[in-house]
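Visitor: Mind looking at a prediction? Sequence and model below.
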Amino acid sequence: MTVRRRLQNIFAEVFDNPSFQLRDDLPAEAVPGWDSLNHFNLIVGVEAAFGVEFTPEEIAGVGSAGDIVTILARHGISDIAV
Amino acid sequence: MALLGSVTTDYLGPILEASLFEHGIWANVRTGSFGELEQAVLNDRSWLREFSPDIVIVYDSALAFEPLGGKWRELAQRRSALCQAITSRFSSETIVTTLETLPSHAAPQGAPECLPAYNALLQESLPAGAYVFDVASLASELGTASWFDLRLWTLAGQPVALSAVPVLADRLGAFIRALVDPPIRLVVTDLDDTLWGGKVGEVGCDALALGDHANGIAFIRFQEVLVDWHACGAMLAAVSKNNLDEARAPFFERREMRLGIDHFIDFRASFTGKPVVVKEIADNLGLDLGNVLFLDNDPHERAEMREYCPEVVVPEWPIEGVVGLPTILAKGGWMLRPKTTDADRARHEMYRQEVKRRETAMMYSDLEGFLASLQLRACFERIDATTISRVTQLIVKTNQFNLTTRRRSRSELEEMMAIPDSYACVVDVRDRLGPYGHTGVMVALPSGDDSLVIDLWLLSCRVMGKTVELAMFEHLVQFARANDFRTIIGSYRRTTRNGSVSDFLPSLGFRHVGDSEAERLYEFVVADAPSRVNRFVLIGDQMSVAGRAS
């Protein structure tokens, strides 16, 4: 499964929306339910799924789905690398 | 329920709801936002007021107050005042948590002695209707290293590691259940394979697993739990399918026993169905069944109790056996409420006298209703190659309902089965809760022209008290009648174990006709048989009782 596909599943679960469509440029403000608690749930979910740990700066810096893809790539996780 | 806290409670809330459901409580748990306590309670327009909770949980963590230093006294007073406000505004019960001991790296400026001081003062100063849930000891039990998640705390105000939250929710759920449910006042325990290893009626007192070898330790430990509960004011009763003498013997003959016979307010050894006995004991003590906890290793007994006395609390037996029982009982939290008071101990003495005073005669209406509802079925099969091993086993093991206690060997049995017109039957018993298996054996041999002599009549203690013996009698009579036997000769050979059936044959209408060395002989005239002695067991017959070939 591609990174984006796995992320899509995590977003769908955290925001309780099975038909969630992931777009890299989708800002947090545009996602219903993306509050501070779900922000953290999202990070915890991504960390558990990919086996990485985000730094506090990375956590604070996530403002869109694309940011997560970028951070994951920095941790060595991208579709090309796989 | 409302879950407020000096920390984030959003993670605990949903899991607590699930845990409560598992504990049998359908709760709607709403969480307050981080640190929202007095504001939510005291503001007349807060969500809490509208929500009107039955129980308010105030969840604290030591991390939220670090460094606590000299503030601990003031904090305890604030919590006490908060509980007071909750009780008076919402007339709900309040649960507050203790503060955990922090690992030193988490509290470099901490004053560790303040935490126990706070916890003790909190316990003392709470108003009525407020209870302390001891998170501190749970955190120690799991180890503070795995309890706390400092990163989660820094980022989300959540002190407890997500992996520990389900454990927390489970314990808190058990605690709430103990608050909501009626308190357990009476613990009814089985004896064989529950208080000791093995069946005393089969292996005898000396061979029971009890004491300091591997398996015996677990039983001792479990007995110690019960002794402890007894000291905390719970009453104990024993209900066992056994002869009274045998059931009592280990209490006098095995010095390893931690429980004495005096720990029990009521001690029943009989073959009556346990739901009937437990109802009777609870009635005698004036208790509701909801105050009763029932412990039995036999899944069938547990199923029967759940079916007929759904109010009784019946914990599932641990897979690992008795060794896991203390843990299950501690986690269940059934003994959280009874606090040791002199009144509890005095109540025990009062109840004990009450038992002696009251009539404890069997309530027949109840027993009959119970038996009828079991929908017992007995299938009679001629003993054959597929069942002979089980039959031989029953012959060797059965001591209590065993009229002749002749330990016939397999070859003796085969010889008897080969005799023309012999009756050699094994009974397969079931009721609507499930099968008991092959549990009764009757062998009767022709003698002279028209007599049938009962050589073996035995019934596993699993099905004693369910009137299967009457069905067996009825079936034998049918056979005798169909095969033109005029009389049935029965005998009772007394052993130390089979006293409970000494009057069984006369109760069926057998006439005492004499005694030989070791046995009392009885005769029954087939023509005198009442049309129906068996009222509760449906007879399924796979064994022909047709007339003998001439």
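Guide: Received, thanks. Quick caveat, the model's predicted, so the values are computed rather than measured.

Visitor: Any idea which helix or strand in the chain has the lowest mean pLDDT?
Guide: Just so you know, I chose chain A. Using mean pLDDT, DSSP states H and E, helix A:56-61 stands out as the lowest-scoring helix or strand of chain A, at a mean of 86.

Visitor: sorry, should have said chain B
Guide: For chain B, counting by mean pLDDT, DSSP H and E, that's helix B:342-357 with a mean of 52.

Visitor: Give me the contacts around stretch B:254-264.
Guide: If you take Cβ atoms under 8 Å, 6 or more residues apart in numbering or on different chains as the criterion, stretch B:254-264 is touched by B:195-196, B:205, B:208, B:210-212, B:216, B:220, B:223-224, B:226-227, B:230, B:236-238, B:248, B:250-252, B:267. Any C-beta I mention is one placed from the backbone N, CA and C, and that applies to glycine too.

Visitor: Which of these fall within strands?
Guide: Counted as lying in strands by DSSP state E, out of the contacts of stretch B:254-264, are B:236, B:237, B:238, B:267.

Visitor: would you list those in CSV and tack on distance to residue B:90?
Guide: Below are those laid out as CSV (distance: Cβ to Cβ, whole Å):
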residue, distance to residue B:90
B:236, 38
B:237, 39
B:238, 44
B:267, 46
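
Visitor: Name the nearest of the residues you listed relative to chain A.
Guide: Checking those against chain A by Cβ to the nearest Cβ gives residue B:236 as the nearest, at 47.2 Å.

Visitor: burial measure for that closest one, as a count.
Guide: Using other Cβ atoms under 10 Å in any protein chain shown, residue B:236 is surrounded by 19 other residues.

Visitor: Quick check: the residue in the stretch 1-150 of chain B positioned nearest to chain A vs residue B:62, distance?
Guide: Closest residue of the stretch 1-150 of chain B to chain A, Cβ to the nearest Cβ: residue B:10 (5.3 Å). As judged by Cβ to Cβ, to the nearest Å, residue B:10 and residue B:62 stand 20 Å apart.

Visitor: Flag every residue of chain A that's near chain B.
Guide: A:36, A:37, A:40, A:44, A:56, A:59 (Cβ under 8 Å from any Cβ of the partner chain).

Visitor: which residues of chain A score low on pLDDT?
Guide: A:80-82 (pLDDT under 70).

Visitor: Scan it for its longest helix.
Guide: helix A:36-50 (DSSP state H).

Visitor: Quick one: list the elements packing against it.
Guide: The contact analysis (3 or more Cβ pairs under 8 Å, 6 or more residues apart in numbering or on different chains; DSSP states H and E) places helix A:36-50 against helix A:3-14, helix A:56-61, helix A:65-74, helix B:150-156.

Visitor: if we go to 7 Å?
Guide: In this structure, helix A:36-50 packs against helix A:3-14, with contacts taken as 3 or more Cβ pairs under 7 Å, 6 or more residues apart in numbering or on different chains; DSSP states H and E.

Visitor: circling back to that earlier point, and the contacts of stretch B:254-264, which are buried?
Guide: The neighbour count (16 or more other Cβ atoms under 10 Å in any protein chain shown) marks B:195-196, B:205, B:208, B:210-211, B:216, B:220, B:223, B:226, B:230, B:236-238, B:248, B:250-251, B:267 as buried among these.

Visitor: picking up where we left off before, would you mind putting the ones in strands among the contacts of stretch B:254-264 into JSON lines with pLDDT alongside?
Guide: Converted to JSON lines, the ones in strands among the contacts of stretch B:254-264 look like this (pLDDT from 0 to 100):
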{"residue": "B:236", "pLDDT": "95"}
{"residue": "B:237", "pLDDT": "97"}
{"residue": "B:238", "pLDDT": "97"}
{"residue": "B:267", "pLDDT": "95"}
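
Visitor: Just the buried positions in stretch B:190-206, please.
Guide: So stretch B:190-206, judged by 16+ other Cβ under 10 Å, has buried residues B:190-202, B:204-205.

Visitor: pLDDT on it, on average?
Guide: In this model, stretch B:190-206 has an average pLDDT of 92.

Visitor: go on, stretch B:518-528?
Guide: The model assigns stretch B:518-528 a mean pLDDT of 93.

Visitor: Output the residue of the stretch 301-450 of chain B whose distance to chain A is smallest.
Guide: Residue nearest to chain A within the stretch 301-450 of chain B (Cβ to the nearest Cβ): residue B:331, separated by 26.8 Å.

Visitor: residue contacts, that residue?
Guide: residue B:174 (Cβ atoms under 7 Å, 6 or more residues apart in numbering or on different chains).

Visitor: So which bits of the helix or strand hosting it are buried?
Guide: Assigned by DSSP states H and E, residue B:331 belongs to helix B:325-332. Applying a neighbour-count criterion of 16+ other Cβ under 10 Å, one finds B:325, B:326, B:329, B:332 buried in helix B:325-332.

Visitor: where's the dip in pLDDT among the residues you listed?
Guide: residue B:332 (79).

Visitor: what secondary structure does the nearest residue to residue B:406 once chain neighbours are set aside sit in?
Guide: Computed as Cβ to Cβ, 6 or more residues apart in numbering or on different chains, the closest residue to residue B:406 that is not its neighbour in sequence is residue B:456, at 6.1 Å. Look at residue B:456: counting by DSSP: H, G, I helix; E, B strand; the rest coil, its state is strand.

Visitor: Quick check: bridge partners of residue B:456?
Guide: residue B:443 (DSSP bridges).

Visitor: who's in contact with it?
Guide: Counted by Cβ under 7 Å, 6+ apart, residue B:456 has contacts B:395, B:404, B:406, B:408, B:441, B:442, B:443.

Visitor: still on that earlier bit, could you measure the residue of the stretch 1-150 of chain B closest to chain A against residue B:54, distance?
Guide: Taking Cβ to Cβ, one finds residue B:10 at 21 Å from residue B:54.

Visitor: quick one: which of those two has more around it?
Guide: Higher neighbour count among residue B:10 and residue B:54: residue B:10, with 20 against 15, using other Cβ under 10 Å.

Visitor: Quick check: the residue of chain A nearest chain B.
Guide: residue A:40 (4.6 Å).

Visitor: measure residue B:485 to chain A for me?
Guide: 76 Å (Cβ to the nearest Cβ, to the nearest Å).

Visitor: which residues touch that residue?
Guide: B:450, B:451, B:452, B:526.

Visitor: Quick check on the residues you listed: which are buried?
Guide: B:451, B:452, B:526.

Visitor: just curious, which of those residues is nearest to chain A?
Guide: Using Cβ to the nearest Cβ, the buried ones among the contacts of residue B:485 come closest to chain A at residue B:452, 73.9 Å.
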